[in-house]
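Student: Quick one, structure for this:
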Amino acid sequence: MTPPNRELLAALTVGAVIGVGLHWLLGQVILAVVAAVTWAVAIGLTLHIRRAYPAFRTGESWTDKR
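Tutor: Numbering: from 1, shown residues only. Below you'll find the predicted structure:
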């Protein structure tokens, strides 16, 4: 698998787990769908930005942490 596919799979997995969990706990379909889509998009964008822009990562040296 290439990295974008792993990002998509991770985002969809997290979204599905959140959605199914909320539907199972609360029984609210709309809330579960909205939360699942929100989490999937947030995780997907976070992973995409992490891969596409490695310069924005925080390093371990003192210049990165100041």
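Student: for residue 10, what are its contacts?
Tutor: Residues near residue 10 by Cβ atoms under 8 Å, 6 or more residues apart in numbering: 43-44, 47. The C-beta positions use only the backbone N, C-alpha and C, and glycine is treated the same way.
Student: quick one: pLDDT of it?
Tutor: Looking at residue 10, its pLDDT stands at 92.
Student: Give me the distance between it and residue 43.
Tutor: According to Cβ to Cβ, to the nearest Å, residue 10 and residue 43 sit 6 Å apart.
Student: One more: residue 29?
Tutor: 21 Å.
Student: Between those two, which has more neighbouring residues?
Tutor: Neighbour count, other Cβ atoms under 10 Å: between residue 29 and residue 43, residue 43 has more, with 19 against 11.
Student: My guess is the more buried one contacts residue 18. True?
Tutor: No. Contact between residue 43 and residue 18 fails when scored by Cβ atoms under 8 Å: they sit 9.6 Å apart.
Student: So which bits of the helix or strand hosting residue 42 are buried?
Tutor: Per DSSP states H and E: residue 42 is located in helix 29-52. Residues 32, 35-36, 39-40, 43-44, 47 are the ones in helix 29-52 that count as buried (16 or more other Cβ atoms under 10 Å).
Student: Show the pLDDT at residue 47.
Tutor: Note on residue 47: pLDDT of 89.
Student: Surely it is in contact with residue 9?
Tutor: No. If you go by Cβ under 8 Å, residue 47 and residue 9 don't touch, sitting 10.1 Å apart.
Student: could you measure the most centrally placed residue in the chain against residue 22, distance?
Tutor: Nearest to the mean C-alpha position of the chain, by Cα atoms, centre = their mean, lies residue 43 at 1.3 Å. Distance, residue 43 to residue 22, using Cβ to Cβ: 16 Å.
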